[in-house]
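Undergrad: Quick check, what structure comes out for this input:
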Amino acid sequence: MLSHELNKGFIKRADKRIWILFMEDIDLIWTEESRKEVFKTPVFSIQELNSRSPQGEMGRFSVIDAPDWAIVVPALETEQGRVFLMVRQWRHGAQRLSLEFPGGVFERGERGEEAAARELREETGYTAGHIRALGEMSPNPAIMSNRVHFYLAQDLRDTGRQELDKDEYVGVERVPVEEVLKKMGQPPYIHSLMASALALYLRQLG
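TA: So this is what the prediction gives:
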């Protein structure tokens, strides 16, 4: 069965397809033989994988399993020009404040556009008349299995009310696009996925 799949140009494994652009890439692909959960938290679990190398040797690897994430770039037209609607919040890993685009975890059964719209409304109090997909990426393909989905939100309307969780303390700011472009990668723009979101936003401008 495997050789038949390879002749068709892909490997199907765990309901996912890994497209092989060149046949020599076969020598780079590991095959998962088994996995078990070794640690679980409310937001992620850690899986221990036993995988076979292209040369047939076994290796053990740790992978973080988590739900997919949505990040939304809210672009708002003002008399002073276009601004981004951004949120400032404390990040426990970095132990500092971070200025970011709104975003968060998919809820069970939720589509990407729904997650983006919900996170925008909850964190900023704004709704969007139009949400468009910008792309998706692996946040860290070396150790994480989930995907992050990016969206552009336009035609924004302020409802005047955030819908934060009890442990969320989020400030909302309007930031000129030029300022974000100039300062991305410097405090308080410390979150690497925001740089990815910004790059996808710029790509859609052409």
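Undergrad: Contact partners for the residue positioned nearest the centre of the chain?
TA: What sits nearest the mean C-alpha location of the chain, by Cα atoms, centre = their mean, is residue 148, with 2.0 Å. Counting by Cβ atoms under 8 Å, 6 or more residues apart in numbering, residue 148 touches 68-71, 136-139, 193, 196. From N, CA and C alone the C-beta is placed, and that goes for glycine too.
Undergrad: Which members of these occur in strands, if any?
TA: Residues of the contacts of residue 148 located in strands (DSSP state E): 69-71, 136-137.
Undergrad: So residue 168: helix, strand or coil?
TA: What DSSP: H, G, I helix; E, B strand; the rest coil gives for residue 168 is coil.
Undergrad: Pop out the phi and psi values for it.
TA: Residue 168 adopts backbone torsions of phi -100, psi 130, taken as degrees, to the nearest 10.
Undergrad: show me where pLDDT drops low in this structure?
TA: 1-24 (pLDDT under 70).
Undergrad: farthest-separated two in the ones in strands among the contacts of residue 148?
TA: The distance between the two most remote of the ones in strands among the contacts of residue 148 (Cβ to Cβ) is 12.2 Å, for 70 and 137.
Undergrad: okay, these two: which has more neighbours?
TA: For residue 70 and residue 137, the more surrounded residue by other Cβ atoms under 10 Å is residue 70, and the numbers stand at 28 against 16.
Undergrad: contacting residues for that one?
TA: For residue 70, the contact set (Cβ under 8 Å, 6+ apart) comprises 103-106, 112, 115-116, 119, 148-151.
Undergrad: and of the ones in strands among the contacts of residue 148, the nearest to residue 173?
TA: Among these, and counting by Cβ to Cβ, the member closest to residue 173 is residue 71, at 16.3 Å.
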